[in-house]
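> Here is a sequence with its predicted model. Questions after.
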Amino acid sequence: MSGHSKWANIKRRKGAADAVKGSMFTKLGRELAVAVRNGGADPEANSKLKDVIAKAKGANMPNDNIARSIKKAAGAAEGENFEEISYEGYGAGGVAVIVKTATDNRNRTAGDIRHIFDKFGGNLGTKGSVSFLFQEKGVLLVDREERPDEDAVMSDALDAGAEDFTAEDEGYEIETSPADYYAVKANLEAKKYAFLDASIRMVPVTWAQVEDPDTVEKLERMVEMLEELDDVQEVFTNWDS
């Protein structure tokens, strides 16, 4: 989504109602499980797990829930493992969509996602059908209220090894290569930076403009329904909303 949607999603996640928080905690539990499976249960030796723990705490997930999810994943029984699968396709208006999931049932997840694409005038494609329209980047979001000196933040980010820096009304977006992401993040944390969100994500190379109100409504509803699925971790689009 565009910058506006990105910041709105952060605020929505932090201020979620209890029912929505329950769903968010389910998603975060799966993300913790995948991180543990791929890199072990020690966050000091597993940078991805450390990131997910920070994300979970930012969403107000209780520490007991986080610890329980990690412990369960570390001793997961056969059949309880989640795998990461990405789905690609086009939404209404030719908007490119990548859906990142963590699932224990490929058939269920693929069926649910295909149904939502079809319902709102989209088409679920094959692997690689839209990923060429995105680049994988490290993205760190900093709240402007926490760091009001824009020039200082830009200087710190570039000195830390960031590739790009963008100032927006709500805050700052610091972009890195995937290889430099953890080093840049650590350098900024050493300067007492806190992040509204920090992750390696898919960033559009080009953006799609959509003017038709009916098409906009279809895209909004499609993304909303995708994000409501427990199996879905994140939805990336090149829609300049």
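Yep, that arrived.
> And for Glu83, nearest residue in space, chain neighbours not counted?
Thr103 (6.5 Å; Cβ to Cβ, 6 or more residues apart in numbering). All C-beta spots, glycine's among them, are computed from the backbone N, C-alpha and C.
> quick one: that neighbour and Tyr87 touch, right?
No - if you go by Cβ atoms under 8 Å, Thr103 and Tyr87 don't touch, sitting 10.3 Å apart.
> in the longest helix anywhere in the chain, what's buried?
Scanning the chain for the longest helix, with DSSP state H as the assignment, gives helix 18-39. Across helix 18-39, burial judged by 16 or more other Cβ atoms under 10 Å covers 21, 24-25, 27-37.
> Gly75 versus Pro62, what's the distance?
Using Cβ to Cβ, to the nearest Å, Pro62 is found at 20 Å from Gly75.
> Regarding the closest residue to Asn63 other than its chain neighbours, what is its secondary structure?
In this structure, Asn63 finds its nearest non-sequential neighbour in Lys57, 7.7 Å apart by Cβ to Cβ, 6+ apart. At Lys57 the chain is in helix, as set by DSSP: H, G, I helix; E, B strand; the rest coil.
> Over to Asp230?
Quick answer, by three-state DSSP: Asp230 is coil.
> do Leu141 as well
Classification of Leu141 using three-state DSSP returns strand.
> Dig out what it forms beta bridges with.
Bridge pairing for Leu141 (DSSP bridges) gives the partners Glu173, Asp197.
> Tell me, how many residues neighbour it?
Leu141: 19 surrounding residues under other Cβ atoms under 10 Å.
> so how far is Val216 from it?
For Leu141, the distance to Val216 - Cβ to Cβ - is 24 Å.
> And for Lys119?
Noted for Lys119: a distance of 16 Å to Val216, by Cβ to Cβ.
> Please identify which of these two sits among more neighbours.
For Lys119 versus Val216, neighbours defined as other Cβ under 10 Å are more numerous around Val216 (15 against 12).
> was I right about the more buried one contacting Val210?
Yes - Val216 lies in contact with Val210 (Cβ under 8 Å); the separation is 5.6 Å.
> Give me the common contacts of the two.
By Cβ atoms under 8 Å, 6 or more residues apart in numbering, Val216 and Val210 have these common neighbours: Ser241.
> all helices of this structure, in order?
Under DSSP H, the chain gives helices at 3-14, 18-39, 47-58, 63-74, 106-119, 150-159, 181-190, 213-228.
> possible to save those helices as TSV with distance to Phe132?
Below are the helices of the chain laid out as TSV (distance: least, Cβ to Cβ, whole Å):
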stretch	distance to Phe132
helix 3-14	22
helix 18-39	25
helix 47-58	25
helix 63-74	33
helix 106-119	19
helix 150-159	28
helix 181-190	21
helix 213-228	20
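> before we move on, the earlier item: shared neighbours of Thr103 and Tyr87, which are they?
With Cβ under 8 Å, 6+ apart as the test, Thr103 and Tyr87 both reach Thr109.
> pLDDT weak spots in the protein?
1-22, 76-80 (pLDDT under 70).
> One more pass at 80, please.
1-23, 76-81, 241 (pLDDT under 80).
> dump the residue contacts of Glu175.
Counting by Cβ under 8 Å, 6+ apart, Glu175 has contacts Lys137, Gly138, Val139, Leu140, Ala162, Glu163, Asp164, Phe165, Thr166, Val203.
> redo that, cut-off 7 Å
Residues near Glu175 by Cβ atoms under 7 Å, 6 or more residues apart in numbering: Lys137, Gly138, Val139, Ala162, Glu163, Asp164.
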